[in-house]
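Q: here are the coordinates; sequence isn't available:
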């Protein structure tokens with residue numbers, strides 16, 4: 001009896017998280033395309049000699065240490081990096097939540113309900129993985145760009161010394 005109450009409570013609590021999880025995945029999916037658009041614009045600026053935020057910051061304040069520049073670089077990558085890591089976890093959550101009702105519907109012989117729950121589950125994980133892939137790729141390329149800027153700054157410091 002006690003076990004059934006705990007199991008039922010856990011099931012009902014997990015079902016409360018489906019809609020918020022799906023909304024977060026949708027928001028992160030849109031955010032991934034926002035990040036991709038920013039990346040495309042940033043890439044165009046870089047091709048024309050601009051789009052170097054660390055170098056610009058160093059030129060404004062030449063007293064910045066390498067550690068301070070590193071913190072600025074990490075701050076610039078923080079949100080898309082978190083998105084690239086959290087989104088697949090949310091996709092897994094959004095896959096697992098509808099699996100309980102899908103399995104229950106399967107045992108009841110209600111195949112249309114099984115299909116509906118599995119559609120939600122797999123659609124959510126697909127969107128989450130696409131969003132995570134986009135943000136992961138952008139973060140890694142931007143990380144390389146920032147590392148190149150750090151080397152450029154070190155070259156400028158060496159030339160000035």
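A: Thanks, I have the structure now. Please read all numbers here as calculations on a predicted model, not as lab measurements. Numbers count the residues shown, from 1 in each chain.
Q: Around residue 17, count how many other residues there are.
A: Using other CB atoms under 10 Å, residue 17 is surrounded by 14 other residues. Every residue, glycine included, has its C-beta placed from N, CA and C.
Q: Revised request: answer the last question for residue 145.
A: Residue 145: 19 surrounding residues under other CB under 10 Å.
Q: Now do the contacts for it.
A: Residues near residue 145 by CB atoms under 8 Å, 6 or more residues apart in numbering: 46, 52.
Q: what about it, which helix or strand?
A: Element membership of residue 145, judged by DSSP states H and E, is helix 111-160.
Q: Could you list the residues in contact with stretch 11-20?
A: By CB under 8 Å, 6+ apart, the residues outside stretch 11-20 that reach it are 93, 94, 97, 98, 100, 101, 120.
Q: May I ask which of the residues you listed has the most neighbours?
A: Among the contacts of stretch 11-20, the one with the most neighbours (other CB under 10 Å) is residue 94, at 25 neighbours.
Q: Return the distance of the residue positioned nearest the centre of the chain relative to residue 26.
A: In the chain, the centroid-proximal residue (CA atoms, centre = their mean) is residue 83; its distance is 1.9 Å. Residue 83 sits at a distance of 13 Å from residue 26 (criterion: CB to CB, to the nearest Å).
Q: likewise residue 131?
A: Plainly put, residue 131 is 9 Å away from residue 26 if you go by CB to CB.
Q: Looking at the two, which is more packed in?
A: Comparing residue 131 with residue 26 by other CB under 10 Å, the one with more neighbours is residue 131, at 28 against 14.
Q: need the contact list for that one.
A: 25, 28, 29, 31, 32, 83, 87.
Q: Which strand or helix spans the third one?
A: Looking back up the chat, that one is residue 29. Using DSSP H and E, residue 29 maps to helix 18-47.
Q: The last one too?
A: For residue 87, the enclosing helix or strand under DSSP H and E is helix 66-96.
Q: List the buried residues for that helix?
A: 69, 73, 76-77, 80-81, 83-84, 86-88, 90-95 (16 or more other CB atoms under 10 Å).
Q: I appreciate the help and will end here.
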